[in-house]
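S.K.: coords please:
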Amino acid sequence: MKQADKLSLFFSNEFPFNKEGLDEFVSTFVVKSFKKGEIILENGTIDHELRFLDQGIIREYYATTDKEKNINFFTDARFITDFSSFTHSTITKKYQECLTDVDLRVLSKEIFSTFTNQYNCGKLFVETIFQRIVINKETEEFNHFVNTAKELYLDIMKTKPDWLLQIPQYHIASYLGITPETLSRIRKRI
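M.R.: Numbering: from 1, shown residues only. Okay, here's the model as predicted:
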């Protein structure tokens, strides 16, 4: 499937409510390729790009000088922008790193703003994305609070099995908040 087709399909499936300006919007994205290990978002910066993952795997994490904590992995076609930083021009606390070679479709904030001013669908897109982010974040935080690492791992097996096939186990352990050795013990008991 061609890259523009994945982006159009995403909008058709996720935001079918308004097609006004969609073809023009999709065609303005620029393809950027990144190599495994490249950082595409860094703590302390402002996210000035709307980024759509077309191909590859990206991990999102927080880091200090002595530790890292994985908070998400992106393995399928979707937007990976830090929308809070992007829409409010605030500094991000996140990092995003390519775990594989990655192809993104990218649109500058300036061009995106032109579309949101020109078409109502742009404003609805931002509102809908924010609602989804808040709901997903709240669900994620609640699950990490009430569930054990084993329960969280079982949930990954059920809802995100691609993670277990494509993401190194030490990254999964970081996401679960446990050591790789503890994850290994959990996997042996399942």
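S.K.: only C-alpha atoms for contact and neighbour calcs from this point on.
M.R.: Will do.
S.K.: helices or strands up against the helix or strand where Leu152 lies?
M.R.: Using DSSP states H and E, Leu152 falls within helix 149-159. Other helices and strands packing on helix 149-159, by 3 or more CA pairs under 8 Å, 6 or more residues apart in numbering; DSSP states H and E, are helix 161-166, helix 169-176.
S.K.: Rebuild the ones you listed as CSV, extending it with mean neighbour count.
M.R.: Shown next, in CSV, are the helices and strands packed on helix 149-159 (neighbours: other CA atoms under 10 Å):
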stretch, mean neighbour count
helix 161-166, 13
helix 169-176, 20
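S.K.: out of those, which comes closest to Gln131?
M.R.: helix 169-176 (23.0 Å; CA to CA).
S.K.: Return the distance of the closest one from the chain's centre.
M.R.: 16 Å (CA atoms, centre = their mean, to the nearest Å).
S.K.: Between helix 149-159 and it, find me the angle.
M.R.: With axes from the mean of the first three to the mean of the last three CA atoms, to 10 degrees applied, the angle from helix 169-176 to helix 149-159 works out at 110 degrees.
S.K.: can you start the count at 55 instead of 1 from here on
M.R.: OK, 55 is where the count begins now, so the last one is helix 223-230.
S.K.: Next secondary structure after helix 223-230?
M.R.: Past helix 223-230, the next helix or strand by DSSP H and E is helix 234-243.
S.K.: Buried residues, that following helix. List them.
M.R.: 234, 237 (16 or more other CA atoms under 10 Å).
S.K.: Let's see the pLDDT reported for the closest residue to Ala117 other than its chain neighbours.
M.R.: Here the nearest residue to Ala117 in space, its sequence neighbours aside, is Lys123; by CA to CA, 6 or more residues apart in numbering that works out to 6.4 Å. Here, the pLDDT recorded for Lys123 equals 95.
S.K.: Make TSV out of the helices and strands packed on helix 203-213 and add distance to Ile100.
M.R.: TSV is the format used below for the helices and strands packed on helix 203-213 (distance: least, CA to CA, whole Å):
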stretch	distance to Ile100
helix 215-220	28
helix 223-230	24
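S.K.: I'd like those as TSV, with distance to Phe169 and mean pLDDT appended.
M.R.: Listed next are the helices and strands packed on helix 203-213 as TSV, based on distance: least, CA to CA, whole Å; pLDDT from 0 to 100:
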stretch	distance to Phe169	mean pLDDT
helix 215-220	34	96
helix 223-230	36	96
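S.K.: wait, which of those is closest to Thr193?
M.R.: It's helix 223-230; of those, that one is closest to Thr193 (CA to CA) at 14.5 Å.
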